[in-house]
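Visitor: here are the coordinates; sequence isn't available:
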């Protein structure tokens, strides 16, 4: 399992937190997502998903992952 910490722009409330958590946890291979305003710590199986897929899911939920974070 791999672990990444992402910095996310555009989050301002608990609704944002829940939206990002739901989007990330819907990805096959994600074991857990600990999300707070502006950040997400994601544990995932590298053979099933990767950082780019996780960032895309966050983007599709309406938020932006900062480059490098």
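Guide: That came through fine. Source: prediction; values computed, not measured. Residues are numbered from 1 along each chain as shown.
Visitor: okay, strands next: where are they in this protein?
Guide: 2-9, 30-36, 39-44, 64-65 (DSSP state E).
Visitor: tell me the mean pLDDT over the longest one?
Guide: Averaging the model's pLDDT scores along strand 2-9 yields 97.
Visitor: contact partners of it?
Guide: The contact list for strand 2-9 (Cβ atoms under 8 Å, 6 or more residues apart in numbering) reads 20, 38-46, 51, 54-55, 58, 63-66, 69. The C-beta positions use only the backbone N, C-alpha and C, and glycine is treated the same way.
Visitor: the residue nearest to residue 28 when sequence neighbours are not counted - how many residues pack around it?
Guide: Nearest residue to residue 28, sequence neighbours excluded (Cβ to Cβ, 6 or more residues apart in numbering): residue 48, at 5.4 Å. Residue 48 has 12 neighbouring residues, counting by other Cβ atoms under 10 Å.
Visitor: could you do residue 15 as well?
Guide: By the criterion of other Cβ under 10 Å, residue 15 has 9 neighbours.
Visitor: need the pLDDT of it.
Guide: Looking at residue 15, its pLDDT is 96.
Visitor: coming back round to it: comparing the strands of the chain, which comes out most buried?
Guide: Neighbour counts (mean count of other Cβ atoms under 10 Å) averaged over each of the strands of the chain peak at strand 39-44, with a mean of 19.
Visitor: elements contacting that strand?
Guide: strand 2-9, helix 14-25, strand 30-36, helix 51-60 (3 or more Cβ pairs under 8 Å, 6 or more residues apart in numbering; DSSP states H and E).
Visitor: let me know the angle separating it from strand 30-36.
Guide: On the basis of axes from the mean of the first three to the mean of the last three Cα atoms, to 10 degrees, strand 39-44 is oriented at 170 degrees to strand 30-36.
Visitor: how close does residue 32 sit to residue 62?
Guide: Computed with Cβ to Cβ, to the nearest Å, the distance linking residue 32 and residue 62 is 22 Å.
Visitor: since that was my last question, I'll sign off now.
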